[in-house]
Structure formats: C-alpha cells, structure tokens
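*Asks:* Give me coordinates for this.
(chains A and B)
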Amino acid sequence: MSLLHAEYLKLSRRKLFPVMLGLLAILMGFVGVLFYVILPALPDSAQAGAAVPQRPDAYIYGAVQVAGQAWWFAVILATTMLGGEVAGTVWATSLTRDSRKILHIAVRFLVFAAASWLAFLLGTAVFAAITFFAADGSGAPAVSEWLGLLWKFAVISAAWTSIGLGAVALTRSIAVAMGIALGLSFVDSIVAPFVDFYEKMSLTAASNGIFGVGGEGPFSNLVPGSGMSTAHSLAIMAGWSLVGLGLTWWGLQRRDA
Amino acid sequence: MSSSPAIRVTGLEKRYGETHALRGLDFEIPSGQLTGFLGPNGAGKTTTFRSVLGLTRPNAGEMEMLGMPVPQRLQEVVKRVGVIVEEPGILKTLSGRVNLVVAADTLGFGHERIDEMLEFVGLAPEAHRKAGDYSKGMRQRLALAAAMLGDPELLILDEPLDGLDPAGQLAFRARLRDLTEQGRTVVVSSHDLADIEALADYVIVIDHGRLVTQGSLESLLGGQRTRVIVSEPQRASDILAAAGQANEIDEDGLLVDSNDGSAIIEILAREGIYPSEVRQARSTLESVFVGITSGGDL
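*Replies:* Predicted coordinates:
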C-alpha cells in the first residue's frame, strides 16, 4: 500500500495530470459542440449520413467516443511518468529502496491505469453534461449501463497503459514510445477491418466489441469488432495488457537500471 | 562494531561489450568505519556500487552485503542500506518534504523520521520548497536525508561531494562525520582525494577494474615517520642510526622511521644538534594514489 501511495503522490503533485484532464475535457466539449451545434446546422447533404445522437443513447455514445479517442491519455501518462524515471536515476533510486522490480512495475501500472480510468469517466461526464442540455430526446441509460462503463473503461485503460509502459521501457524515449503507440493505434484501426485474422486480436475491434458498436447496419462489416462477443473483446484487452506488461518487465530487465 | 565486513566482493567481473569494467575485483569494506572508495575515472567505482545494489548484473563474482549474499537476498538487506548512487533520484517537481514521504513509502517505512532527517541535513526551513529550486548541495543533502530515513546500518554514497561548492562540501562532510560517530558504516567514492583524506578511516583503491590496495588510511599514508630539518644532516643521521633510529637522508632533510619526535630531539640534543623543525612526515593521499595507480584523471 505504501508503494501505491508513493506513486499516487508522484502523479498527483505533477501538473501533467490536471493539464491532461483539462485537455480531455476540452476535447469532449468540442465533440459535444460538433454533434449538437455544428452537425445539425449543416444541410442534410453535408451530414454524410451522420445522425445527431439523441437521448438516452447519446449518453453512452459519449462513452464510446471517449473509449475510441482518449486512449492517448493512458499512453501519454504511462510513457511520460515511467519514461521520466528511467531517463534519470529515479527508477534506479527506487530499486535501491525496494529491489522488487515486478512490484514497482505492477504498482505503476495500477496507478496510471486508475488515473486514466478516472479521466475516461471525466470525459464521459463532460459529454453527458453537454448531452443533458443540448441533445434532443429524453430519458437516461439504466443504472446498469452506467455501471457497465466502469469495467469497460477499466479494461481499455489497462490495455493502453500497459502498451505505453511497454513502449517506453523498450525504447527509453518518451517521444519514440508515444510514436509507437500512435502508430499501433493507426495501423490497428486501418488493418482490422480488412484482415480477418488481425481483427480477432485488434484493440479497435475489442473496444467496439465491448460497447457493442457496429450492429446490423449495411456497413457493419467495415466496423472492426462488429458482433464480437464481450468475452472475446475482454480476452483481447487482457492479452494486450499482458503483452504490454511483459514487454515492460523485459525492457527494464534487459538493461541496467 | 561488527567484526564481519559490511561488504565483501570476490572475483567481480563486469563487461560492457568488449569493455571490461571490472576484472576480478576483490575487496572488503570493514564495518563501523568510513571507507573511501577511490579510483581514476573509469576505474569501475560506480559499476561496483551498481553491482552490489543489483542495478547491474555482473558477469562473474560473488558479493555479500551485511553478511548476506547479493543479489540473491538483496530484498532482505536493501532496507538496511541507504544509498546515493550517481545523480540522486530527486523528484524536482515535488517539495523536499514530499520527496522524503515518497522515499519513506517506497522503503515501506512510516513518516516519523522525516522531520528529524530534515533537521539533520539542515533543510527543515526549506522543506516546503520544490526540490527543483534547490541548489545542488541542497539536493545532495536531501538525498542523504532520504538515504537515512530507514536508519540504515550501511550508507553507500557515490560521489556525494561531486559538484558541491565549498560550503556545501563542509556541510555534507560534517554530516558524514556525524554518521560515522553514530557507529554506521559509510562508504564514499569521491574524486576529491582531500575529502577522502580528511574523512576516511579506511581506503580502497581500484584501477582498471582491479583492486590496487586497501587498508587503513594511516597505513597507506605512512604516518609513522618524522621529518627532521637540521644543519648537519649526515652527522644527525649517523647519531640517530647509532641510537637505533632508522632513517634516511633526502633533499628536504632527514626522514626517521619513528613518530616519537621528543625522543628524536633528545637524542640529537645530547650530541649538540638542535633541529630547526621536527614534524610528522605524512604522504598526501594524492601522492600515494598517483604512485600506485596509473595516474589517470581523478
């Protein structure tokens, strides 16, 4: 518990976390403006089939937007925090106080993933607030749907946090690690709709599968993860989380601290 | 004071590619003393510390710290050891005090000693300032406070005085003396031979990854000789030799193999020779160091 407290202190006393939260809130505010102000103002022909979300579905729609677009939050947090430590002597100093490397990795993973999870909830709350005032329709999702967001965000933040940790442990460079994660996200979303084999392990597909995105529409086959079971989606996220953590351990083990 | 060595290293080897940083290094660091760990740049001092602390994996050799084999039992022993290795891992965005809270939490200890340690290193009035705003000397003292939080038996300090201004060095040296007087084992590597000469009880010198010499500072500096300046050195030399005082003549006068200056004066005075100067003849650590190592940059 004391190690968790140490990591919490290191994160909470930095400006990075509140600044990133602010950016996420602004981003979700912008998404809200896009959907509830700009999109309805466009002529039908310019809307390209995009429908303005309406309550109650619009609330969960915001959560899907967060899950699909705010992965960078977990990546930036993980790469910046661990990258800063391994670039200097903070990581080595930590190991001179408690030499259990696996425990240090696990604690950082938990704290960063939890922070990202909170950020995802904040982003959802911002969009929900905009939806409450700006969206047409009425009603709200059932409590069980809101509660479902808790574990859905948890598995997504865990996967992207571990990917960020793995990338920075391997490269020891925050910028390169962010580039790798960005590249992974881009390639993943491009390849998954067209390569069946890869879709079965795609982060994009798993994220869509968790939220049930895709459905029965005419273009659903172009949405990776459309119709993917929750269990399969969870397995993919867990797999990426384990791969990221494994790479983190290997990256920090193969070189001197 | 425990009789077993605080650190024992046998046959330690470390290679970085084709470069041999350590080549079968052997040494023992006695308990309860301040040991100076010396060597030219690239001699392997930091690599040795990092090996003992599990921060790098040696290619061969055996190591013990506080009687336990490391790295096998490192986790058991590491909480009894305070460390400053290379640039101290200070979190510059946090205040000095919060840095110590983080250190205490990482050690798994309570926060009871934080204020005491801030007082000990003289940082209590600055405890709430960001560590990033500290001078280098203040950061070193904060690192010492962090290393002391667990009330360690053994302190390993890698170049703790490096880059400090004279006032910072004085303050840090005073703290090290306090720690030694408390009976702790302190190991200090330093580029400054004068620091080690002023502080250390025991000295280990390594060069090219091998042990050059180890022993008490006194034995290394040859503190058993006396410098005698007289107007008739040859006659004085003969008189002293006849009295059983082995000696030699050099360009500065006589060097007598004794530290009893009164006896030397008495022997010479009986024969009507009155020295203009009698003093202990100590080598400087620098002269000894250059003589026994390759004389590389310190």
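
*Asks:* Mind jotting down where the helices sit in the chain?
*Replies:* Picking chain A for this. A:2-12, A:16-33, A:39-41, A:57-69, A:71-87, A:90-97, A:101-134, A:143-171, A:174-191, A:196-199, A:203-211, A:230-254 (DSSP state H).

*Asks:* meant chain B actually
*Replies:* B:45-52, B:74-77, B:96-107, B:114-120, B:136-148, B:166-181, B:193-199, B:217-221, B:233-242, B:261-270, B:285-292.

*Asks:* Please list the residues of the stretch 1-150 of chain A that sit near chain B.
*Replies:* Residues of the stretch 1-150 of chain A lying close to chain B (C-beta under 8 Å from any C-beta of the partner chain) are A:2-3, A:5-6, A:9-10, A:13-15, A:88-100. Where C-beta positions appear, they are placed from N, C-alpha and C, glycine not excepted.

*Asks:* Just the buried subset of those residues, please.
*Replies:* A:2-3, A:5-6, A:9-10, A:13-14, A:88-99 (16 or more other C-beta atoms under 10 Å in any protein chain shown).

*Asks:* if we can go back for a sec, need the helices of chain B in TSV (columns: distance to chain A and mean pLDDT).
*Replies:* Shown next, in TSV, are the helices of chain B (distance: least, C-beta to the nearest C-beta, whole Å; pLDDT from 0 to 100):
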stretch	distance to chain A	mean pLDDT
helix B:45-52	7	94
helix B:74-77	5	94
helix B:96-107	4	94
helix B:114-120	13	93
helix B:136-148	8	91
helix B:166-181	17	85
helix B:193-199	22	82
helix B:217-221	27	80
helix B:233-242	54	95
helix B:261-270	47	93
helix B:285-292	27	75
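
*Asks:* Please list all residues in contact with residue 55.
*Replies:* All of this refers to chain A. A:T131, A:F132, A:A135, A:D136, A:G137, A:S138, A:G139, A:A140 (C-beta atoms under 8 Å, 6 or more residues apart in numbering or on different chains).

*Asks:* was after chain B, sorry
*Replies:* Taking C-beta under 8 Å, 6+ apart, one finds A:A92, A:L95, A:T96, A:D256, A:A257, B:V85 in contact with B:L55.

*Asks:* Give me the lowest-pLDDT entry from those.
*Replies:* Scanning the contacts of B:L55 for pLDDT, the smallest score is found at A:A257, 77.

*Asks:* Do I have it right that B:G183 meets B:G32?
*Replies:* Yes - between B:G183 and B:G32 a contact is recorded at 5.6 Å, counting by C-beta atoms under 8 Å.

*Asks:* between those two, who's got more neighbours?
*Replies:* Shown here are B:G183 and B:G32; by other C-beta atoms under 10 Å in any protein chain shown, B:G32 has more neighbours (18 against 12).

*Asks:* Can you tell me how far that one is from chain A?
*Replies:* 22 Å (C-beta to the nearest C-beta, to the nearest Å).

*Asks:* pLDDT score for that residue?
*Replies:* pLDDT, read off for B:G32, is 92.

*Asks:* which residue sits closest to the residue positioned nearest the centre of chain A in space, ignoring its chain neighbours?
*Replies:* Closest to where the C-alpha atoms of chain A average out (C-alpha atoms, centre = their mean) is A:W71, at 2.9 Å. Using C-beta to C-beta, 6 or more residues apart in numbering or on different chains and skipping the chain neighbours, the partner closest in space to A:W71 is A:W160 (4.5 Å).

*Asks:* ok so, going back, could you point out which of the helices of chain A sits nearest B:M117?
*Replies:* Comparing the helices of chain A by their distance to B:M117 (C-beta to C-beta), the top pick is helix A:90-97, with 14.2 Å.

*Asks:* helices and strands around that closest one, which ones?
*Replies:* On a contact count with 3 or more C-beta pairs under 8 Å, 6 or more residues apart in numbering or on different chains; DSSP states H and E, helix A:90-97 meets helix A:71-87, helix A:101-134, strand B:81-84, helix B:96-107.

*Asks:* angle of that helix against helix B:136-148?
*Replies:* 30 degrees (axes from the mean of the first three to the mean of the last three C-alpha atoms, to 10 degrees).

*Asks:* hmm, who's touching helix A:90-97?
*Replies:* Counting by C-beta under 8 Å, 6+ apart, A:82, A:84-85, A:101, A:104, A:252, A:257, B:50, B:53-55, B:78-79, B:81, B:83, B:85-86, B:88-91, B:103, B:106-107, B:150 sit against helix A:90-97.

*Asks:* centre of the chain versus that helix, how much separation?
*Replies:* With C-alpha atoms, centre = their mean, to the nearest Å as the basis, helix A:90-97 stands 29 Å off its chain's centre.

*Asks:* Burial check on the residue in chain B positioned nearest to chain A, number of neighbours?
*Replies:* Taking C-beta to the nearest C-beta as the measure, chain B has B:G89 as its residue closest to chain A, at 2.8 Å. Neighbour count of B:G89, defined by other C-beta under 10 Å: 24.

*Asks:* quick one, what contacts it?
*Replies:* A:G88, A:T89, A:V90, A:W91, A:A92, A:T93, A:S94, B:A143.

*Asks:* ok, and the closest non-adjacent residue to it?
*Replies:* Closest to B:G89 by C-beta to C-beta, 6+ apart is A:T93, at 2.8 Å.

*Asks:* Per-residue pLDDT of the one you found, please?
*Replies:* pLDDT, A:T93: 92.

*Asks:* That one and A:A128, how far apart?
*Replies:* 42 Å (C-beta to C-beta, to the nearest Å).

*Asks:* for B:S287, same thing?
*Replies:* Applying C-beta to C-beta, the value for B:S287 to A:A128 is 77 Å.

*Asks:* If you count surrounding residues, which of those two has more?
*Replies:* For B:S287 and A:A128, the more surrounded residue by other C-beta under 10 Å is A:A128, and the numbers stand at 22 against 12.

*Asks:* My guess is A:G84 contacts A:S173. True?
*Replies:* No - A:G84 lies out of contact with A:S173 (C-beta under 8 Å); the separation is 11.3 Å.

*Asks:* who's more crowded, these two?
*Replies:* A:G84 (19 against 16).

*Asks:* before we move on, back to that, can you put the helices of chain A in JSON lines and add distance to B:L161?
*Replies:* Formatted as JSON lines, the helices of chain A follow (distance: least, C-beta to C-beta, whole Å):
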{"stretch": "helix A:2-12", "distance to B:L161": "28"}
{"stretch": "helix A:16-33", "distance to B:L161": "33"}
{"stretch": "helix A:39-41", "distance to B:L161": "66"}
{"stretch": "helix A:57-69", "distance to B:L161": "51"}
{"stretch": "helix A:71-87", "distance to B:L161": "25"}
{"stretch": "helix A:90-97", "distance to B:L161": "18"}
{"stretch": "helix A:101-134", "distance to B:L161": "29"}
{"stretch": "helix A:143-171", "distance to B:L161": "33"}
{"stretch": "helix A:174-191", "distance to B:L161": "32"}
{"stretch": "helix A:196-199", "distance to B:L161": "57"}
{"stretch": "helix A:203-211", "distance to B:L161": "51"}
{"stretch": "helix A:230-254", "distance to B:L161": "30"}
